[in-house]
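**Student:** let me see the structure of the following:
(chains A and B)
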Number of protein chains: 2
Amino acid sequence: MTRRCVLCEDDGGRTVWRDARCRVVVADEPFPGFCRVIWNAHVSEMTDLDAGDRDHLMRVVWATESVLRAQLAPVKMNLASLGNVVPHLHWHVIPRFADDSHFPQTVWGARQRDPAPRSLPPEFADQLSRELRRALAARA
Amino acid sequence: MTRRCVLCEDDGGRTVWRDARCRVVVADEPFPGFCRVIWNAHVSEMTDLDAGDRDHLMRVVWATESVLRAQLAPVKMNLASLGNVVPHLHWHVIPRFADDSHFPQTVWGARQRDPAPRSLPPEFADQLSRELRRALAARA
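**Tutor:** Below you'll find the model as predicted:
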């Protein structure tokens, strides 16, 4: 890379799971439960990874989606790998709620309303971490 | 489903590849090369599929990304499974260009400029179809 990359320099959130290849962080975003799964190495596109690495990263994305659904019961999950601003491979894993600030628009679209107050339980991140360890133990 | 679903009733674009489980369509969107990979059955979330079906769908997404990159040389690929409006599993596979109407914002975000004119070659869809058949032949 020619410029400094924030996801090379920083975890990008509160890390709740990691292995040698990728990490799961709880993002500092105004959408409760918004997580990111971040490839540790500076790679831009999914098709820059080999098939084994792609499968590994997606296994972590599916585990994150599963645990967030079980914890938060969102009306919809949103998944996206964009990287237009930070071209370092990362997946947004976003639980969506009918009364969140943007639903049914994307979180990058037009704000629809003041969101209903929804606070995560204090043990949210610890529980997410524990459930991810359990879900990914066989393969980590 | 209780309401009519547009992706159950219609292909959702110009179909360039399909098998019994999913299809690839060129979408009618003002972003050249914007494709969608659509699961044929009415399922909402990736984690509603079993692992084999998930892997199959993603293999088609990676093939679509690979062929679009080779054909169009975008500055970035954007991938997203959202479904807030149409909760029938589909992946947006979007080649992005620095001079498109929204870059570096998402295609769902704020428009940045009048886009540079960029027309696809007339054989684009046929070539995409041919390359997808080739890439996916071993597994289709």
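**Student:** all contacts plus neighbour counts: C-alpha atoms, from now on.
**Tutor:** Noted.
**Student:** hang on, residue A:74 packs against residue A:99?
**Tutor:** No - counting by CA atoms under 8 Å, residue A:74 does not reach residue A:99; the two are 10.5 Å apart.
**Student:** how about the residue of chain A found nearest chain B, secondary structure?
**Tutor:** Relative to chain B, the nearest point of chain A is residue A:80 (4.0 Å; CA to the nearest CA). What DSSP: H, G, I helix; E, B strand; the rest coil gives for residue A:80 is strand.
**Student:** which residues of chain A score low on pLDDT?
**Tutor:** Scanning chain A for pLDDT under 70 picks out the ranges A:1-2, A:139-140.
**Student:** now the longest helix along chain A, how far from the centre of its chain.
**Tutor:** Secondary structure of chain A read by DSSP state H shows that its longest helix is helix A:51-72. Distance of helix A:51-72 from the chain centroid (CA atoms, centre = their mean, to the nearest Å) equals 9 Å.
**Student:** that helix vs chain B: in contact?
**Tutor:** Yes - contact between helix A:51-72 and chain B is present through A:62, A:65, A:66 (criterion: CA under 8 Å from any CA of the partner chain).
**Student:** can you report how many residues neighbour the first one?
**Tutor:** Neighbouring residues of residue A:62 were enumerated by other CA atoms under 10 Å in any protein chain shown; the total is 18.
**Student:** and the gap between it and residue A:132?
**Tutor:** 10 Å (CA to CA, to the nearest Å).
**Student:** same question for residue A:3.
**Tutor:** Taken as CA to CA, the span from residue A:3 to residue A:132 is 33 Å.
**Student:** quick one, which of those two is more surrounded?
**Tutor:** More neighbours surround residue A:132 than the other of residue A:3 and residue A:132, with 21 against 5 (other CA under 10 Å).
**Student:** residues contacting the more buried one?
**Tutor:** A:17, A:63, A:64, A:67 (CA atoms under 8 Å, 6 or more residues apart in numbering or on different chains).
**Student:** any chance of the backbone angles for it?
**Tutor:** phi -70, psi -40 (degrees, to the nearest 10).
**Student:** and residue A:37, which helix or strand is it part of?
**Tutor:** strand A:35-39 (DSSP states H and E).
**Student:** between that strand and helix A:51-72, how big is the angle?
**Tutor:** 170 degrees (axes from the mean of the first three to the mean of the last three CA atoms, to 10 degrees).
**Student:** what does strand A:35-39 rub up against?
**Tutor:** A:7, A:21-27, A:57, A:60-61, A:64, A:88-94.
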